[in-house]
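Trainee: The following comprises the amino acid sequence and a computationally predicted model.
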Amino acid sequence: MNEQLEAQVKKEDEKLDISVLFVEDEELLRAIYERILNKLVSKLYIAPNGKEGLDAYNTYHPDLIITDIMMPVMDGLEMVQNIRQVDDDVRLVILSAYGEAEYFMDAIKIGVNSFLLKPVETKKLTSLVHELANGILLERKVKEQERQRKQAEENLRKLNQELEKRVEERTIDLQHEIKERIQAENELKELNLTLEKRVKEELKKRERQQQLLIQKSKLESMGELAAGIAHEINQPLGGISMGLDNILFKLSMGKVSEEYIRTKIDALFQDIDRIRQIINHVRVFSRDQKNLVDERVDINSVIHDALSLISRQYQNHNIEISLNLCENACFAIGNKYRIEQVFLNLLSNAKYAVDQKLNILMTGYSKKIEILSYREDNFIVTDIIDNGIGIPEKHIGNIFDPFFTTKDVENGTGLGLSISYGIIKEMKGNITVDSKENEFTKLSVFLPAEKAND
């Protein structure tokens, strides 16, 4: 028992093996956070403004940057924007006062990973640093494993070359050749055993990396949907504000009845419940879904859940969304949150396609997206059809390849369709594409239908 306690104390005393740059113009806060962070991380660099912070980044290349927004010489947003242009991996955390919320969307676009509201509680700061450090250390480990894998492949290549050279040099002496062959066979057996072991290990690593990519893609989707979710929440908030104003006005006039108050309060609670539903849906959707289990999924319900996050945003872009869903419930087998992630990815691509077409045509064009669901043989099929720019025929065969994209860097990484394809394949389904350039694109998601005796 004492040994366990000593091990726990030792673990808590160990510093995180990461480097942190902290940028804050207020001397007192800088001293307080410096003391906290010095106990947490192995390397800490301090700067009093954005310009010196940028110089420190260029000198030390830290793993994590924590910065205030409003500072003299150069503000925090300008500093992190300069850094993000050259470094996609460094973690960025913004410290913000209550009145600086207007800068959040700019920070999200830049690629800030997290926000902390001043004054920051020590527990929240240390918790966030631990969380980000876990991701940094995991990526570092993955890169090292990839380096070792490449080194192993190079060693194997050299070994094969050496084996061929030995066999060729000894073909003159038959007896010696047989001996060498026996030796080579034994070496190959050992090598095959080693290779089988390494392949299994590599498959496990790749599976973990795939899960990380899926979660990263999901969080990126949430970032893209932030504006739409804000609109979805603002609508009931506006109703709440207006309802309260009406009640106050009636009270001031002395013309208010109990029935009027009760009716207004019921309406306010409905708006509050709508906001709660949106927040709960976003919280559950964005959570990392571990130990996934296939379940009975109502595809029509998943479609409506996805639309609840984006419909307001698409309306603001003047995009007409039409639904033609199967009248009878369409139940498939899979994971509803992963399926929703796929639908959101496909709808995001459709939105980009129709927006781009409007940019080209300028006038006389109506942006439309149609969603259909139906049963076909042993599959539940969901079609997402847009009348956007379409896909050139030469690119059709590449759209599911990792990192393939025709978008600019700001609008895509080339991972959305690849990850979506992998998710559906993992559920024993398929995604097909049909498109004609400058006319339409149709993406069809096939998922195994629920069997009659399931």
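Mentor: Here it is on my side, so go on. Numbering: from 1, shown residues only.
Trainee: Would you mind giving the domain segments of this protein?
Mentor: Domains of the chain are assigned by automatic domain parsing as 15-132, 171-221, 226-286, 295-448.
Trainee: Throw those domains into CSV and include mean pLDDT, thanks.
Mentor: Output for the domains of the chain, formatted as CSV (pLDDT from 0 to 100):
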stretch, mean pLDDT
domain 15-132, 90
domain 171-221, 68
domain 226-286, 66
domain 295-448, 86
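Trainee: so which of those comes closest to L156?
Mentor: Closest approach to L156 among the domains of the chain is made by domain 171-221 (7.6 Å; CB to CB). Quick note: C-beta positions are derived from backbone N, CA and C, even for glycine.
Trainee: rewinding a little: figure out which of the domains of the chain is closest to R147.
Mentor: Comparing those by CB to CB, domain 171-221 comes nearest, at 12.5 Å.
Trainee: hang on, the earlier thing: could the domains of the chain be laid out in a markdown table, adding distance to R157 and mean neighbour count?
Mentor: A markdown table is the format used below for these (distance: least, CB to CB, whole Å; neighbours: other CB atoms under 10 Å):
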| stretch | distance to R157 | mean neighbour count |
| --- | --- | --- |
| domain 15-132 | 29 | 17 |
| domain 171-221 | 12 | 13 |
| domain 226-286 | 43 | 14 |
| domain 295-448 | 24 | 17 |
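Trainee: Dump the ones you listed to CSV, plus distance to Q151.
Mentor: Formatted as CSV, the domains of the chain follow (distance: least, CB to CB, whole Å):
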stretch, distance to Q151
domain 15-132, 22
domain 171-221, 12
domain 226-286, 37
domain 295-448, 23
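Trainee: Nearest to V142 among the ones you listed would be which one?
Mentor: domain 171-221 (6.3 Å).
Trainee: Give me the secondary structure label for P72.
Mentor: coil (DSSP: H, G, I helix; E, B strand; the rest coil).
Trainee: For this protein, which segments count as strands?
Mentor: Taking DSSP state E to define them, one finds strands in the chain at 16-23, 41-47, 64-68, 91-96, 114-117, 295-298, 319-324, 331-334, 367-376, 379-386, 430-436, 440-448.
Trainee: Tell me the strands beside the longest one, with direction?
Mentor: Put plainly, it is strand 367-376. strand 319-324 (parallel), strand 379-386 (antiparallel) (DSSP bridges).
Trainee: Of those, which is nearest L29?
Mentor: strand 319-324 (45.0 Å).
Trainee: Report the beta-bridge partners for E376.
Mentor: F379.
Trainee: if we can go back for a sec, would CSV of the strands paired with strand 367-376 with distance to E439 be doable?
Mentor: Below are the strands paired with strand 367-376 laid out as CSV (distance: least, CB to CB, whole Å):
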stretch, distance to E439
strand 319-324, 17
strand 379-386, 10
